[in-house]
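> Sequence first, predicted coordinates after that:
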Amino acid sequence: MKEKELFNQGRGLLEPEMMPFYEVAELNNGDAMMFQGELTTDFFIIKSGKLEIIEGTGNKAVCLDTLEANDVFGEIAFFDERERSATVRSSGKSVLYRMTREHFADMTRTQPQLAMEYLIILGKLVSGKLRRVDKMIAGVTGDQKIKNDPNLKKLMKDIRKAMKSKRDLF
């Protein structure tokens, strides 16, 4: 396979030939898809609905982010097989695509080229998140001005708001 084809920027994680390897999960309001500290490796793409990413429990719980259609979560544990860093809970009705390790193994056995492409796309997604976190940390430490980057400015505002929040999310 040519490098240009392998690193194709135009493809995503919901290509028609990838769809048979996903399970569909439906959540109702308040249902959790995963809990902070649990050891699971499934990766998710939100088809519809909204989900909250919550860190901590009880009066120390903080909503870190809200995810919507086409957002993803669970990709880190998919790779490193370590405990979940947050709880993910549905806010209303949500539909998700779930990629299990078993289904990915099936993809690898039956369509190895597709599995490789899937890993590259997922790796790009993870590296993009890491780059955004690097920028955010640089902004917090004063090494980079954030006022010109609207995404970082919003992120910093959300982090400050979450840190001040004392409401119990559970």
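Structure received.

> Tell me the bridge partners for the spatially most central residue of the chain.
The centroid of the chain falls nearest to F73 when counting by Cα atoms, centre = their mean (2.1 Å). Here F73 sits in beta bridges with F44, as judged by DSSP bridges.

> need the strands for the chain, in chain order.
With strands called from DSSP state E, the chain shows them at 23-27, 32-34, 43-48, 51-55, 62-67, 72-73, 87-90, 94-99.

> Local confidence estimate at the residue nearest to the centre of the chain?
Turning to F73, the model gives it a pLDDT of 92.

> try M156
We note a pLDDT of 68 for M156 in this prediction.

> do T141 as well
Here, the pLDDT recorded for T141 equals 58.

> where in the protein is pLDDT low?
Counting by pLDDT under 70, the ranges of the chain that qualify are 1-10, 136, 139-149, 151-153, 155-156, 158-170.

> Now do P150 against K157, distance only.
Per Cβ to Cβ, to the nearest Å, P150 is found 10 Å from K157. For glycine as for every other residue, the C-beta is placed from the backbone atoms N, C-alpha and C.

> same check, this time on F44
F44 is 26 Å from K157, where distance means Cβ to Cβ.

> Among the two, which residue is more densely surrounded?
A count of neighbours by other Cβ atoms under 10 Å puts F44 above the other of F44 and K157, at 24 against 11.
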